[in-house]
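**Student:** structure, please.
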Amino acid sequence: MLDLELLRSFVSVVEAGGFTRAGERVHRTQSTVSQQIKRLEEDIGQVLLHRDGKDVRPTEAGERLLSYARRLLTLAEEARDVLRQPGSEGAIRLGIPEDFAAYRLAKLLGAFSRSHPGLRLDVRADQSKHLARDLERGELDLALYKREAGAKDAIAVWPERVHWVTSKSHPVDVNVPSVPLIGFPLGCIYRAGAIHALESAGRAWHTAYTSSSLAGIQAAVAAGMGLSILSEMSIQSDHRVLTAKDGFAPINRTEVALMASPDASPATLRLADRLAEFCDAVQSKAA
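**Tutor:** Numbers count the residues shown, from 1 in each chain. The predicted structure is shown next:
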């Protein structure tokens, strides 16, 4: 472990260009600062400063350490500031699917943040498989993600309405020998469902367009580059839904699950309640 006080003296010596001026900055005597630098060099096992009379400059190893030392000291100050704030509620790390991020959820999160000024929200939109993995690893406090229907371990679940879609203006010929697919990268539950449905029906397919952006997928479908599977909330006016009459049966049932870490804070659970209300309202409106 690097001692922050030793790093503070090291940064001060480099910035001040000498031990005497550095001592004035950190309120230490010149000999004390010199001893601190010696201890730091012993801890790291590298000479950090060139000493030429009264002039002091960092060695190559000292240059490398300098940027890290500054970042560590800044981070320590930030942590102190956050903890010193009265009424601080900490932080919530939230993961959501991109189509929810692009929908009305941003307004809900903004309102929640404004009503909890002592709370810091860290929101990440990503593929559901990544959100589930990061929640399990303890890298998220709360996650709203998509999965195959049937599991019972969530705060709440909502069945999803998903459909095959093509372009309204430039529809793809549904009888083509190989179906052109548009979707998210490997691991997306919709992509896996689409491939399974096509292969179960004995139909050939190929990847026509892959994007990590929902907007990119929506645009590619509208342009007639291929077919995709989208949730009902992601289907746009320039898309046309395909049904069993077109030769495209529904894919396996999916659901949206709201999950929290085992040690979720009271603030995290309050946000979970708000998200549950939001999803209930979306489901009621779609029914």
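
**Student:** quick one: the helices in this structure, in order.
**Tutor:** For the chain, the helices defined by DSSP state H cover 4-16, 19-26, 30-44, 60-84, 98-101, 105-115, 128-137, 189-200, 214-222, 266-286.

**Student:** make a markdown table out of those and add mean neighbour count.
**Tutor:** Bear in mind the C-beta positions are built from the backbone N, C-alpha and C, glycine included. As requested, these are arranged in a markdown table below (neighbours: other CB atoms under 10 Å):
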| stretch | mean neighbour count |
| --- | --- |
| helix 4-16 | 20 |
| helix 19-26 | 18 |
| helix 30-44 | 16 |
| helix 60-84 | 13 |
| helix 98-101 | 20 |
| helix 105-115 | 14 |
| helix 128-137 | 18 |
| helix 189-200 | 18 |
| helix 214-222 | 20 |
| helix 266-286 | 15 |
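
**Student:** right, and these - which one's nearest residue 155?
**Tutor:** Counting by CB to CB, residue 155 lies closest to helix 266-286 out of those; the figure is 5.6 Å.

**Student:** from the contact counts, what lies against that closest one?
**Tutor:** The helices and strands touching helix 266-286, judged by 3 or more CB pairs under 8 Å, 6 or more residues apart in numbering; DSSP states H and E, are strand 90-96, helix 105-115, strand 142-148, strand 156-159, strand 254-260.

**Student:** mind putting those into JSON lines with distance to residue 247 and mean pLDDT?
**Tutor:** Shown next, in JSON lines, are the helices and strands packed on helix 266-286 (distance: least, CB to CB, whole Å; pLDDT from 0 to 100):
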{"stretch": "strand 90-96", "distance to residue 247": "33", "mean pLDDT": "90"}
{"stretch": "helix 105-115", "distance to residue 247": "34", "mean pLDDT": "87"}
{"stretch": "strand 142-148", "distance to residue 247": "23", "mean pLDDT": "92"}
{"stretch": "strand 156-159", "distance to residue 247": "24", "mean pLDDT": "87"}
{"stretch": "strand 254-260", "distance to residue 247": "21", "mean pLDDT": "91"}
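
**Student:** can you lay out these as a markdown table showing distance to residue 1?
**Tutor:** Output for those, formatted as a markdown table (distance: least, CB to CB, whole Å):
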| stretch | distance to residue 1 |
| --- | --- |
| strand 90-96 | 23 |
| helix 105-115 | 34 |
| strand 142-148 | 31 |
| strand 156-159 | 42 |
| strand 254-260 | 32 |
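
**Student:** to residue 8, which of the ones you listed lies closest?
**Tutor:** Judging the helices and strands packed on helix 266-286 by CB to CB, what sits closest to residue 8 is strand 90-96, at 25.6 Å.

**Student:** list the buried residues of that closest one.
**Tutor:** 92, 93, 94, 95, 96 (16 or more other CB atoms under 10 Å).

**Student:** on that earlier part again, residue 236 is nearest to which of the helices and strands packed on helix 266-286?
**Tutor:** Proximity to residue 236 (CB to CB) singles out helix 105-115 among the helices and strands packed on helix 266-286, at 17.7 Å.

**Student:** now the residue nearest the centre of the chain: closest residue in space, sequence neighbours ignored.
**Tutor:** Closest residue to the average C-alpha location of the chain: residue 124 at 3.0 Å, with CA atoms, centre = their mean. Spatially, and ignoring its direct neighbours in sequence, residue 124 is nearest to residue 95 (5.2 Å; CB to CB, 6 or more residues apart in numbering).
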